[in-house]
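Peer 1: Output the structure for:
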Amino acid sequence: MMNEITIYSGMEGQKGMPHNGKRLREAIFSEGITQTEMSRRMGVSPSTLQSYYKSESLQMSVWWRASKALRYNFIAEMGMQIPIDFATPRESELQKEVKTLQKKIEKLKIELNVYKDIMKR
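Peer 2: Okay, here's the model as predicted:
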């Protein structure tokens, strides 16, 4: 099962955006799933799946079904490929939490050093 974000290098379409059909085909191939099996999982005919491979752009419903079929979040993957520095609300929340925890760690390190000094006496 795919569990890493795949960069779209070499899969650019005419407008500089990723070629969605090529990405879908690569994902199916890398999972070792037959076209027939993937078609069944997505609820489309093999010829429809074949037409997706040729398409530079795919509808969200196709990505949704492919994500469910392969148990992989293609939608998040695509979002990570957008050349914009942004953070989702959840990521911003986690970044704040990390900063808070880092401050706590620093305080605990100071406290630990105090205890070590006391133990040396």
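Peer 1: show me where the protein has helices.
Peer 2: 20-31, 35-42, 46-54, 60-70, 74-81, 89-120 (DSSP state H).
Peer 1: Against S67, how distant is the one residue sitting closest to the centre of the chain?
Peer 2: The centre of the chain sits closest to E77, judged by Cα atoms, centre = their mean, with a distance of 3.5 Å. To S67, E77 is 9 Å away according to Cβ to Cβ, to the nearest Å. Quick note: C-beta positions are derived from backbone N, CA and C, even for glycine.
Peer 1: Ok, S45 next?
Peer 2: 19 Å.
Peer 1: Please say which of these two ends up with more neighbours.
Peer 2: S67 (16 against 12; other Cβ atoms under 10 Å).
Peer 1: got the contact list for the more buried one?
Peer 2: N73, F74, I75 (Cβ atoms under 8 Å, 6 or more residues apart in numbering).
Peer 1: What is the helix-or-strand element of the chain with minimal mean pLDDT packed up against?
Peer 2: None of the helices or strands of the chain scores lower by mean pLDDT, DSSP states H and E than helix 74-81, at a mean of 86. Where contact means 3 or more Cβ pairs under 8 Å, 6 or more residues apart in numbering; DSSP states H and E, helix 74-81 is packed against helix 20-31, helix 60-70.
Peer 1: Give me the buried positions along that helix.
Peer 2: F74, E77, M78 (16 or more other Cβ atoms under 10 Å).
Peer 1: now swap in stretch 29-37 and tell me
Peer 2: Buried residues in stretch 29-37 (16+ other Cβ under 10 Å): I33.
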